[in-house]
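1. here's a sequence, model it:
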Amino acid sequence: MQAVTIKQYGGPEELQLTEIDRPKIATDEVLVAVRATSINPIDWKARQGLLKGMYDWQFPVVLGWDVAGVITAVGSDVKKFKVGDAVFARPDIYTDGRRGTYAEYAAVKEDKLALKPAELSFEQAAALPLAGLTAYQVIHDQLKIQAGERVLIQAGAGGVGLIAIQLAKYFGATVATTASPNHAALLKQLGADEVIDYHTTAIQDVLHDYDAVFDTINAVDDGLAILKPAGRLVTIDGQLTAAQKAQSQAVSTWWLQPNGRELAILGDLVVQGQVKVVIDQVLPFSTAGLQQAHRDSEASHSAGKIIIRVS
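-> Below is the predicted model:
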């Protein structure tokens with residue numbers, strides 16, 4: 001099959017379309033013919049070599065951890081899915097580094113899968129798994145946002161931020177976020193009550209006594225400064241210092257846990273119109289397409305997800 005791989009860590013130029021073996025599935029996996037995948041910051045951080053301490057991959061490495069496609073084979077232990085099902089998922093990060101979703105086929109464990117709602121295109125479905133699950137698990141499972149609370153979501157125009165804003169509003173919160181001025185209208189349309197221009201305004205100057213902070217940019221001290229004494233903060237970017245852990249507020253980190261059941265909930269929320277999938281651009285499955293996608297994502301100029309249409 002064709003896949004876009006890297007043969008060493010480095011810049012976007014390392015991404016090259018090549019021919020590799022199709023993945024073999026285990027008894028609890030399905031093989032998905034990939035229709036679309038998407039770009040996340042973890043992709044280009046991995047390309048740069050920033051995940052070397054976590055994963056001892058062997059080159060060539062296939063990046064990508066969002067998939068939407070059609071099942072072409074199922075393992076003997078798979079019960080809930082069949083050949084021909086349209087599905088989407090955030091697959092596991094495999095230790096061999098060969099099973100990313102920048103490829104024509106991807107192996108996915110059954111418990112990570114969700115059926116793709118017919119109302120969603122493959123491109124929309126591919127935009128949801130990693131960013132959507134991260135947002136859902138922080139907003140719903142970790143921060144446990146309740147109606148009437150006030151929450152700050154840092155970097156609202158990012159893939160995670162866009163969905164987190166909508167989920168926090170769905171659960172009844174008042175939402176503030178940080179973003180560039182050119183993204184303010186979109187974020188207010190999605191439910192943000194206050195959009196702070198981080199270029200000109202410190203959040204501590206305008207926000208006070210917040211119940212919760214979702215930190216996506218490693219600005220933990222800024223978040224702590226606006227929290228109530230009994231507030232909660234979860235960060236998905238960076239490690240907490242001893243001083244931060246010693247604060248009176250509940251402070252923690254979170255790393256996404258792939259979960260097919262929660263992904264199905266997100267898909268239903270999109271169908272119901274409670275969550276809108278925002279796509280910045282759709283690029284081709286090619287050397288040039290993936291390189292451009294990484295450059296644009298890394299430059300942080302996008303509002304919404306960058307999608308790769310595989311077939």
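2. contacts and neighbour counts: CA atoms only from here.
-> Will do.
3. now do the helix or strand of the chain with the lowest mean pLDDT: distance to the chain's middle.
-> When the helices and strands of the chain are scored by mean pLDDT, DSSP states H and E, helix 242-245 comes last with a mean of 94. Distance of helix 242-245 from its chain centroid, counting by Cα atoms, centre = their mean, to the nearest Å, is 27 Å.
4. alpha carbons only: can I get that helix in CSV?
-> This file holds the C-alpha atoms of helix 242-245, laid out as CSV (Å, rounded to 0.1, in the frame of the first residue of the first chain):
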residue,chain,number,x,y,z
ALA,A,242,6.1,21.3,42.2
ALA,A,243,4.8,24.8,43.0
GLN,A,244,1.9,24.4,40.6
LYS,A,245,0.9,21.1,42.2
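5. could you pull out the buried residues of the helix or strand following that helix?
-> For helix 242-245, the following helix or strand on the C-terminal side (DSSP states H and E) is strand 250-253. Within strand 250-253, the residues that count as buried by 16 or more other Cα atoms under 10 Å are 250, 251, 252, 253.
6. direction included, what does strand 250-253 pair against?
-> strand 227-235 (parallel) (DSSP bridges).
7. centroid-nearest residue for the chain?
-> residue 131 (2.0 Å; Cα atoms, centre = their mean).
8. so that one, which of the three states?
-> Here residue 131 is recorded as helix under DSSP: H, G, I helix; E, B strand; the rest coil.
9. helices along the stretch 51-200 of the chain, start to end?
-> Residue ranges of the helices in the stretch 51-200 of the chain, as given by DSSP state H, counting those that start in this stretch, are 122-127, 129-136, 159-170, 184-189.
10. tell me which of the ones you listed lies nearest to residue 268.
-> Nearest of those to residue 268, taken as Cα to Cα: helix 122-127 at 11.3 Å.
11. give me the contacts around the closest one.
-> For helix 122-127, contacts defined as Cα atoms under 8 Å, 6 or more residues apart in numbering pick out 35-38, 66-69, 88-89, 116, 267, 277, 279, 305-309.
12. write the PyMOL selection for whichever of these are buried.
-> Command for PyMOL that selects the buried part of these, burial taken from 16+ other Cα under 10 Å:
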select buried, resi 35+36+37+38+66+67+68+69+88+89+116+267+277+279+305+306+307+308+309
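13. inside strands: which ones of the contacts of helix 122-127?
-> 35-38, 67-69, 88-89, 279, 305-309 (DSSP state E).
14. nearest to residue 290, out of those: which one, please.
-> Nearest to residue 290, judged by Cα to Cα, of the ones in strands among the contacts of helix 122-127 is residue 308 at 7.5 Å.
15. bridged to the closest one, which residues?
-> Note on residue 308: beta-bridge partners by DSSP bridges are residue 37, residue 283.
16. so it makes contact with residue 280?
-> No. Using Cα atoms under 8 Å, residue 308 makes no contact with residue 280, being 11.2 Å away.
17. nearest spatial neighbour of the residue nearest to the centre of the chain, chain-adjacent residues omitted?
-> Leaving out its chain neighbours, the residue that sits closest to residue 131 by Cα to Cα, 6 or more residues apart in numbering is residue 160, at 4.5 Å.
18. dump the residue contacts of residue 30.
-> 71, 72, 73, 74, 75, 78, 107, 108, 109, 110 are the contacts of residue 30 under Cα under 8 Å, 6+ apart.
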